[in-house]
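[1] Got a sequence here, can you model it:
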Amino acid sequence: MNISILINIVYILAAIAFILGFKLMSSPESARKGNLISGIGMLSAIIVTLMDAQVQRYDFILIGLLAGSVVGLILAYRTPMTGMPQMVGLLNGFGGLASFLVAWAEFHAHKHHLTTSGAAIIWLTAIIGAVTFTGSVIAWAKLEEKFISGKPITYKGQQIVTTIVGLGMLVSGALFAMQVQSEHGYLYFAAFTFFSMALGVLLTIPIGGADMPVVICLLNSYSGMAACASGFIIQNNLLIVAGALVGASGIILTLIMCKAMNRSIANVFLGGFGAPPSGSSAEVVGELKEVKADDAYLMLEAANKVVIVPGYGLAVSQAQHAVRELMEALEKNGAEVSFAIHPVAGRMPGHMNVLLAEANVSYDAMVEMDSINPQMENVDVCMIIGANDVVNPAAQEDKNSPLWGMPIIEAYKARTVIVMKRGKGKGFAGVENILFFRNNCRMLYGDAKASLQNLIAAFKGA
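    Sure, this is the predicted structure:
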């Protein structure tokens, strides 16, 4: 069989594996199988690609493979679950950088044979890759809060500067496409590279840390589109298909996240979204009512229906195993227990699902926001562990709140609410949670893991 025919057959099978893998990853129960099938498809595609007659040297490929594997293993081993969103954002950036380098290599290798249309494709690939790379690095830095604050960074005339940079990228790209074979080709390439990398920074710095889950989804889409464009450059059908799948899934996830956070997709693309509405938030009425672990135990011990709302604080304290033990103690006591999962709980989609699954919490116990809210009035105790903005009633009651319109888990409707927090600080969005001042709410301060262990000990000692 001709090797090119074999390669294309494997590419078709790999593309089918990708699509099937995406379908299986839509459900938590089959996600691992979907990931495995997609991985097998990609491995098969890589193997047959290396069999191509155009591949003449394997030494640099093997060096890159080894280096990438070592770095990937170190990152995977050292990154805690709380740092997973940062790592995902950074990996998106590396994908964009890889596409940018493909564009550069093709330009450098075929400069004197490129047509205007070919140069335009190279320009498109390079700018998407460059924007993805710098935008992802800024997103990583904001989430990690290293070198840069997680708060929005704004300045006077910001939109004008961003517009000028965007126009510079377009103009230099047009000149590059029209004069790609001239002596100024490298200069124009360097110019639009500079402008596109600057644009990635400018579009990301005005975005606050609370909106980073949406940004990560969008950058994931960008990395897919960059890969798709690079596939057109090197005429690789599988890269086009894989990039298109990633780009499309990233856009769909971005739309879902925008809906979950009450954000406009137009503002996401333009950057600087998430600015609070004009006016001041309503005055907080009431006082925080603290409760000790012994009293919280009595409330839980008498409950027939308990809903647990996990948040980023649960991940920070590594309390997923403790919360599973508490769930088992409650069920042994005769209570019905479920977990209410907000789409943006944590720092990325599915963050809480993965965290709880790691502790062997059944997927059947994880209930989505739209399904749990109608049940909340019949809940005896709603236990909030490290969540804040996703349960703030201001999203429904205060039109001047930055959270206004954001879908929330309606924990305030439960008969009793117990909130586990380290202290009296505000949520990630910097907004005071009016739920904490309600008459049916009690605050259990301290490390979530330690507090849960105290409750477990109380049940065991009963």
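
[2] Would you map the strands across this protein?
    Listed in chain order, the strands of the chain (DSSP state E) span residues 305-310, 336-341, 366-368, 381-385, 416-421, 441-445.

[3] To residue 461, which of the ones you listed lies closest?
    strand 441-445 (18.1 Å; Cβ to Cβ). The C-beta positions use only the backbone N, C-alpha and C, and glycine is treated the same way.

[4] Enumerate every residue touching residue 217.
    Residues near residue 217 by Cβ atoms under 8 Å, 6 or more residues apart in numbering: 250, 253-254, 257, 348-349.

[5] And residue 257, by the same measure?
    Listed by Cβ under 8 Å, 6+ apart, the contact partners of residue 257 are 213-214, 217, 263, 343-344, 349.

[6] List the buried residues in stretch 22-29.
    22, 24-25, 28 (16 or more other Cβ atoms under 10 Å).

[7] Lowest pLDDT pick from the residues you listed?
    Least confident by pLDDT among the buried residues of stretch 22-29: that is residue 28, with 71.

[8] that older thread, name the stretch among the strands of the chain that sits most buried.
    Greatest average neighbour count among those goes to strand 381-385 (a mean of 28), per mean count of other Cβ atoms under 10 Å.

[9] okay, the contacts of residue 257 in TSV with distance to residue 417 next?
    Listed next are those as TSV, based on distance: Cβ to Cβ, whole Å:
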residue	distance to residue 417
213	24
214	28
217	30
263	27
343	21
344	20
349	25
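
[10] Restricted to helices, list the residues you listed.
    Members of these lying in helices (criterion: DSSP state H): 213-214, 217.

[11] If we only consider the residues you listed, which is nearest to residue 98?
    Nearest to residue 98 among the ones in helices among the contacts of residue 257: residue 217, at 19.5 Å, using Cβ to Cβ.

[12] residue contacts, residue 353?
    28, 341, 363, 366.

[13] and if we set it to 6 Å?
    28, 366 (Cβ atoms under 6 Å, 6 or more residues apart in numbering).

[14] So the chain: which segments form each domain?
    Under automatic domain parsing, the residue ranges defining each domain of the chain are 79-270, 293-461.

[15] and the first one, how far from the chain's centre?
    Taking Cα atoms, centre = their mean, to the nearest Å, the mean C-alpha location of domain 79-270 is offset from the chain mean by 16 Å.

[16] Next: the last one.
    Averaging C-alpha coordinates over domain 293-461 and over its chain gives two centres that are 21 Å apart (Cα atoms, centre = their mean).

[17] Endpoint to endpoint, that domain covers what distance?
    13 Å (Cα to Cα, to the nearest Å).

[18] Was I right to think residue 221 contacts residue 250?
    Yes: the pair residue 221 / residue 250 is scored as a contact, 2.7 Å apart, by Cβ atoms under 6 Å.

[19] quick one, phi psi at residue 80?
    phi -70, psi 170 (degrees, to the nearest 10).

[20] Could you report the separation of it from residue 193?
    Using Cβ to Cβ, to the nearest Å, we find residue 80 at a distance of 34 Å from residue 193.
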